[in-house]
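Q: Pasting the sequence and the predicted coordinates here, then a few questions.
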Amino acid sequence: MTESISTTKAPAAIGPYSQAIKAGDLIFTSGQIPLTAEGELVDGDITAQTHQVFANLKEVLAAAGATLNDVVKATVFVKNIEDFGTINEVYGQYFNEHRPARSLVEVARLPKDVGIEIELVASIGR
């Protein structure tokens, strides 16, 4: 059985998808980009963008009854691989002792031409 997760504390989906899906003990977030809950793009560099993405992810996870400590896998999409070091530094502020598996890939474009998008898988049954 699956449950669609939605919160007004993160940007609404900009297409035909859910902010997250809860399937049993697993939570799959949709990719989050640096939009505010009001739908405004964050002005600023990749550091500011990455912090906003994590703010969104934390709210979506909370709506599903989870936290970043429940994350088992992260997938990070970046517009410019040269931002890897900066993104890694910010990422480490959210995942320091708890270190889920991760993939990071450079892509040609992201929605709204942002610099980063992150999706997570969390497990609340462990």
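A: Cool, the structure landed. This one's a predicted model, so the numbers in the text were calculated from it and none came from an experiment.
Q: Apart from its chain neighbours, what residue comes closest to residue 39?
A: Leaving aside its chain neighbours, residue 39 sits nearest to residue 11 (5.4 Å; criterion: C-beta to C-beta, 6 or more residues apart in numbering). For glycine as for every other residue, the C-beta is placed from the backbone atoms N, C-alpha and C.
Q: In the protein, where is pLDDT below threshold?
A: Within the chain, the stretches with pLDDT under 70 are 126.
Q: Just the residues contacting the longest helix along the chain, thanks.
A: For the chain, the longest helix by residue count, based on DSSP state H, is helix 46-63. For helix 46-63, the external contacting residues (C-beta atoms under 8 Å, 6 or more residues apart in numbering) are 5-7, 9-11, 19-20, 27, 29-30, 32-37, 42, 67-68, 70-71, 80, 83, 86-87, 89-91, 94, 114-118, 120, 122.
Q: ranges for the helices of the protein?
A: Here the chain has its helices, by DSSP H, at 46-63, 84-94.
Q: out of those helices, deepest packed?
A: The highest average neighbour count among the helices of the chain, using mean count of other C-beta atoms under 10 Å, belongs to helix 46-63 at a mean of 21.
Q: As CSV, could you dump the C-alpha coordinates of stretch 20-31?
A: Provided in CSV are the C-alpha atoms of stretch 20-31 (Å, rounded to 0.1, in the frame of the first residue of the first chain):
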residue,chain,number,x,y,z
ALA,A,20,7.0,11.9,-1.8
ILE,A,21,5.5,8.5,-1.7
LYS,A,22,5.5,6.3,1.4
ALA,A,23,5.5,2.6,0.5
GLY,A,24,5.5,0.5,3.7
ASP,A,25,8.5,1.5,5.7
LEU,A,26,10.2,3.3,2.8
ILE,A,27,9.8,6.9,1.8
PHE,A,28,10.8,8.1,-1.7
THR,A,29,11.1,11.8,-2.1
SER,A,30,10.8,13.5,-5.5
GLY,A,31,13.7,15.6,-6.5
